[in-house]
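>>> 3D model of this:
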Amino acid sequence: LMVDNELSKYAHEFTWENKLNPGDILVFNNRRMLHGRRGFSAPAGASLEDSQRHLVGCYTNIDDTLNSYRVLLRERGMAASSILNVGNGTNIIP
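Down below sits the predicted model:
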């Protein structure tokens, strides 16, 4: 029972919730984050389009993604001296 209370407290302290709006995108490192979503119910009288949830998932190799990002920055003359590590945002990649 004590372990359940500790896990519940930990989950409550480190849970981030955000409601996405149409057109929003959320990108995260799937190896560093436990994620989920709440249930979905449309408001009464909603149109068919508004009553459906549309989620799209994809996977990318982190090295390929960072390299493509660096190339795009360089091509646009916006090369940064360092790029935050998209893995957890705590390291700087030169």
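>>> Give me the mean pLDDT for the longest helix belonging to the chain.
Counting by DSSP state H, the longest helix found in the chain is helix 62-75. Helix 62-75 shows a mean pLDDT of 83.
>>> now stretch 21-33
77.
>>> Quick one: end-to-end length of it, please.
This stretch, stretch 21-33, spans 21 Å end to end (CA to CA, to the nearest Å).
>>> Now do the buried residues in that stretch.
By neighbour count on 16 or more other CB atoms under 10 Å, the buried set for stretch 21-33 is empty. The way it works is simple: take the backbone N, C-alpha and C, and place the C-beta from them, glycine included.
>>> Helices of this structure, start to end?
2-13, 62-75.
>>> Send me the longest helix of the chain as CSV with only the CA atoms.
Only the C-alpha atoms of helix 62-75 are listed here, as CSV (Å, rounded to 0.1, in the frame of the first residue of the first chain):
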residue,chain,number,x,y,z
ILE,A,62,17.0,10.6,-34.0
ASP,A,63,20.4,10.9,-35.8
ASP,A,64,18.8,11.2,-39.2
THR,A,65,16.3,13.8,-37.9
LEU,A,66,19.0,15.9,-36.3
ASN,A,67,21.2,15.7,-39.4
SER,A,68,18.3,16.8,-41.6
TYR,A,69,17.6,19.6,-39.3
ARG,A,70,21.2,20.8,-39.3
VAL,A,71,21.2,20.7,-43.1
LEU,A,72,18.0,22.7,-43.4
LEU,A,73,19.4,25.3,-41.0
ARG,A,74,22.6,25.6,-43.0
GLU,A,75,20.8,25.9,-46.3
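>>> Please state the offset of that helix from the chain centre?
Mean-position distance between helix 62-75 and its chain equals 19 Å (CA atoms, centre = their mean, to the nearest Å).
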